[in-house]
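# Sequence and predicted structure are below.
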Amino acid sequence: MRGTLVRRWLGIPWVRALLALALVVSLGCLFNAGGAFLRWSTHRDMLRQISVYGILACGMTLVIVTGGIDLAVGSILGLCSVLFAQLSLHGGQGALAAVGLTLGAGLATGLVSGTLVARARIQPFIATLAMMVFARGLAKWSSGGQKISQAVQAPDGTFSYVDLPRAFDALGGSVLGGNIAVVTLVFGGCLAVSWVVLAKLRYGRYLFATGGNEEAARLSGVPVVRAKLLAYGLSGLFAATAGICQAAQELQGDPEAGTSYELTAIAIAVIGGNSLAGGRGGIGLTLLGALTIGYLEKILSINAVGESSRLMLTGAIIIAAVLLQRKKAG
Amino acid sequence: MLPQELLELRSIGKCFGSNRVLEGVSFDLRGGEVHVLAGENGAGKSTLIKILAGIHTEYEGEIRLQGRPVRFSSPHDAARHGISVIHQEMSLVEPMTAGDNIHLGRESCRLGGWWLDRPAQLKRSLGLCRQLGLDLTAADLDRPVGEFPVSAKNQIEIAKALAFEARILVMDEPTGALNRDEVGRLFALVEAAKRKGCGIVFITHRMAEIYHVADRITVLRDGRRVATAKRGECPESTLIQWMIGRELSPLSPSRSGRPAGAPGRPILEVDGLTVPDPRPGRPPAVREFSIRLHAGEIVGLAGLQGSGGTELFQGLFGALGPVCGGRVRIDGKAFRPESPSASIRRGLAFLTGDRKRSGLVPGLSVTGNITLASLPALSPGGVLQPARERSHAARQAETLRIRLASLDQPVGTLSGGNQQKVVLAKWMEVQPKVLLLEEPTRGIDIGSKVELYSLMGRLAAQGLAILLISSELPELMHLSERILALHRGRVAAEFSRAEATPENVMAAAMGVLP
């Protein structure tokens, strides 16, 4: 009797995701690097470091629920970090205008991906792969391949320095006596928005229905094209948000920023238990996935595991976690 | 002298957790016979088949193959012992050629199994087809399986089974997607397999097929064997009684309470509707289709596969986009089919013939599926109202008598008949004026069929106009007040209930002029 109860619990996706997280955290307690894992600052740093990836993973979750994938988010992050730096550092735009325009650009880029997928019926992998390459090119073109920083080169070749706009201080800083990074709050906001969309809005149901059985959804009058546009559009919007945060943290816009971040975002969504086949998942799973990946990275780094071993271990652990989840599901 | 026992299952039992699905089931199969396994959905047929196929490896009891006890460790192991299963869902690899599919897993090879010898393989396939009387040429065998119609795929699957030199063929509802002609060809293949000495376990829900193909019949109910009998020894009524455990005619007079010949106002008026074939470069799928469908009326469409019935519904419902020619009026107002959502708003509902592919959304709960088409009304301002959805779903579940553990359970965990009721509930929620039903009882058990029949009668009595496509003539004749026979996209003939006989309807659908 107890066996079936345990099995029933393990059949619930978030229970499994929570178990994976608990496993990683207990590993951290075991290999605590002389007590480093038990200090609050470690957890605070982990939260800050995972936030940008987490923001991307929110958008990724929306897209994955529709049965798609968005490979362009890392490039859109780079593009938007450049754009935001150009507007606010060099363009002298106010914070609101710079943020608004950058978010608009991210949204537009996402909608282009969405149009290619939903209207032109190009496979999501291909459409967003193309957008990934294109957006990276756009970022490099608009920045001239240079990082956009406080140093401004005048036509005569001399450098002058502009003041850091307040938006950078605000977004790159932290609150509550330095205990919570602003970017973590932004991540929280993105989680909340995604949760509202997926769990509370009619369009959230449409995202699940589209991913679960597109033909049945279409014949039931579900606007599948608009549902997909919404998913990819929001994914672009979140990627732009991540780009702004990244620029504010690094005090510059980097056209190379966000390279391969899309893969981490996918890993977060998948390790949380969202089905790449679409139609199943939730934003809570993505949060658990983000924490799992975040702690994993953190534990490896405080134990001074070298980068090469770290990458190999991360790869192996992702597979192990996914296999573990599947085994328990069966 | 009886033919040799090919296969014997002795007191097979199986539990899933605490749920017992099979108990002490014995079953035997002789060479050269067709043994039909009958029973309602959930009676345990599929589980028994899966044990036989090596899919379920944990069970009680014993399997004997030609007298020797065996225990299969995997489907591959079962196949090695000569057991070949043809599932409801086909197991062909669509992009691969027919020849490659036939030999899949047993390729003709050279160089110690590394080098694929396709010419030899093609030759073997051709020989096999000739043996089975299939007219597939070498060029056909080189075409991807995906290009073949369902019926041909079925034949390829059987050829594949026989290429494996199977002694035992298990056919799980192989006729589900076939029309009468194709069923005939399938049965010819079954005969050929019988002559080769194969034993065949055959599962079907169609009564006529049972009596056509069976040598013996075994009925399962609630995981137990009720009876085994020779075909001649159990009349239809006995068989049904065994299956459902109670007296019930499958064609109970569900609509006798309705006054016949007193049609309401015309709800759906179609004049000269033409629907292009969705595949480019083909003649229109439906030509010059006209009908007056009145409130409270059920009109049946009889037609063989490819006669245009499916496209007629798709076109009328706007599933193909704004492509139809002709005039349509719903409830007296002009209507132009352009998209499913627009059609739903105008009072059309379309229950498709393939609930897996285009009916249910697997990730959603029962509630989510029931409210899917009516969400705009249930979520004002775009915000979901779970309590309201649940109460609507609960009401539908009660009206349609959907048997479920919880409204929140995934829809895939329901039985076929209950899944179909969920799809129907979805369409009832939009409160349609016209219901387009395509093969509403396909693949569901007799008990659920009977319930659906009486349900359709009730809905019609409430003033709903129903257009029904069914490949089961008795069903069509039982439910419909009028029957239109479709042939090659045109209405070949119209019959009133009194005029219609299986013979003249089928003749018209096959293009024989009355």
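Right, received. Where do you want to start?

# going forward, measure contacts between C-alpha atoms and count neighbours the same way
Fine.

# just the strands in the stretch 251-400 of chain B please.
B:266-275, B:286-294, B:298-302, B:325-330, B:333-335, B:348-351 (DSSP state E, counting those that start in this stretch).

# Which of these sits closest to A:G212?
Smallest distance to A:G212 across the strands of the stretch 251-400 of chain B (C-alpha to C-alpha): 17.9 Å, for strand B:348-351.

# one step back: could you export the strands of the stretch 251-400 of chain B as JSON lines, including mean pLDDT and distance to B:R118?
As requested, these are exported to JSON lines (pLDDT from 0 to 100; distance: least, C-alpha to C-alpha, whole Å):
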{"stretch": "strand B:266-275", "mean pLDDT": "93", "distance to B:R118": "43"}
{"stretch": "strand B:286-294", "mean pLDDT": "92", "distance to B:R118": "42"}
{"stretch": "strand B:298-302", "mean pLDDT": "92", "distance to B:R118": "44"}
{"stretch": "strand B:325-330", "mean pLDDT": "93", "distance to B:R118": "48"}
{"stretch": "strand B:333-335", "mean pLDDT": "93", "distance to B:R118": "55"}
{"stretch": "strand B:348-351", "mean pLDDT": "96", "distance to B:R118": "44"}
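
# So which of these is nearest chain A?
Closest approach to chain A among the strands of the stretch 251-400 of chain B is made by strand B:348-351 (7.8 Å; C-alpha to the nearest C-alpha).

# and the closest one, what other elements does it pack with?
Judged by 3 or more C-alpha pairs under 8 Å, 6 or more residues apart in numbering or on different chains; DSSP states H and E, the packing partners of strand B:348-351 are helix B:309-317, helix B:416-429, strand B:434-438.

# sec struct for the residue nearest to the spatial centre of chain A, please.
The centroid of chain A falls nearest to A:L56 when counting by C-alpha atoms, centre = their mean (1.6 Å). Using DSSP: H, G, I helix; E, B strand; the rest coil, the structure places A:L56 in helix.

# what sits against it?
Residues near A:L56 by C-alpha atoms under 8 Å, 6 or more residues apart in numbering or on different chains: A:73-74, A:235, A:238-239, A:242, A:262, A:265.

# quick check, the helix or strand of chain A with the lowest mean pLDDT touching chain B?
The least trusted helix or strand in chain A, going by mean pLDDT, DSSP states H and E, turns out to be helix A:2-10, with a mean of 73. Yes: using C-alpha under 8 Å from any C-alpha of the partner chain, we find that helix A:2-10 touches chain B at A:T4.

# buried residues in that helix?
A:L10 (16 or more other C-alpha atoms under 10 Å in any protein chain shown).

# could I have it exported to CSV, CA atoms only?
Taking Å, rounded to 0.1, in the frame of the first residue of the first chain, the C-alpha atoms of helix A:2-10 are listed here in CSV:
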residue,chain,number,x,y,z
ARG,A,2,2.8,2.3,0.9
GLY,A,3,4.5,1.3,-2.3
THR,A,4,1.7,2.5,-4.4
LEU,A,5,1.5,5.8,-2.5
VAL,A,6,5.2,6.4,-3.2
ARG,A,7,4.7,5.5,-6.8
ARG,A,8,1.7,7.9,-7.1
TRP,A,9,3.8,10.7,-5.6
LEU,A,10,6.6,10.0,-8.0
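
# What residues sit buried inside the helix or strand following that helix?
Downstream of helix A:2-10, the next assigned helix or strand under DSSP states H and E is helix A:13-30. Buried residues in helix A:13-30, counted by 16+ other C-alpha under 10 Å: A:13-14, A:16-21, A:24-25, A:28-29.

# so can I have TSV of these showing pLDDT?
Output for those, formatted as TSV (pLDDT from 0 to 100):
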residue	pLDDT
A:P13	83
A:W14	86
A:R16	86
A:A17	88
A:L18	90
A:L19	88
A:A20	86
A:L21	91
A:V24	89
A:V25	91
A:G28	89
A:C29	90
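
# Closest to B:G412 out of those?
A:P13 (16.8 Å).

# if you skip the residues just before and after it, what's nearest to the closest one?
Among residues not flanking A:P13 along the chain, A:G273 sits closest, at 6.3 Å (C-alpha to C-alpha, 6 or more residues apart in numbering or on different chains).

# Go ahead and confirm the one you found touches A:G284.
No: A:G273 lies out of contact with A:G284 (C-alpha atoms under 8 Å); the separation is 9.8 Å.

# okay, and the common contacts of those two?
A:W14.

# Settle it for me: which of the two has more neighbours?
Each of A:G273 and A:G284 has its neighbours counted (other C-alpha atoms under 10 Å in any protein chain shown); A:G273 has more, 27 against 21.

# That one: what secondary structure?
coil.

# ok, what's across the strand from A:S174?
A:A181 (DSSP bridges).

# Pull the contacting residues for it.
A:180-183.

# likewise B:L436?
Applying C-alpha under 8 Å, 6+ apart, the residues near B:L436 are B:313, B:348-351, B:466-468.

# okay, B:R403: pLDDT?
Model confidence at B:R403, given as pLDDT, is 85.

# Same question for B:A139.
84.

# and the stretch 201-330 of chain A, which of its residues are near chain B?
A:201-203, A:205, A:208-209, A:212-223, A:279-280.

# now the residue in the stretch 51-200 of chain A positioned nearest to chain B, nearest residue through space, not along the chain?
Closest approach between the stretch 51-200 of chain A and chain B, counting by C-alpha to the nearest C-alpha: A:K200, at 5.4 Å. Once flanking residues are discounted, A:K200 sits nearest to B:L384: 5.4 Å by C-alpha to C-alpha, 6+ apart.

# With that, I have no additional questions.
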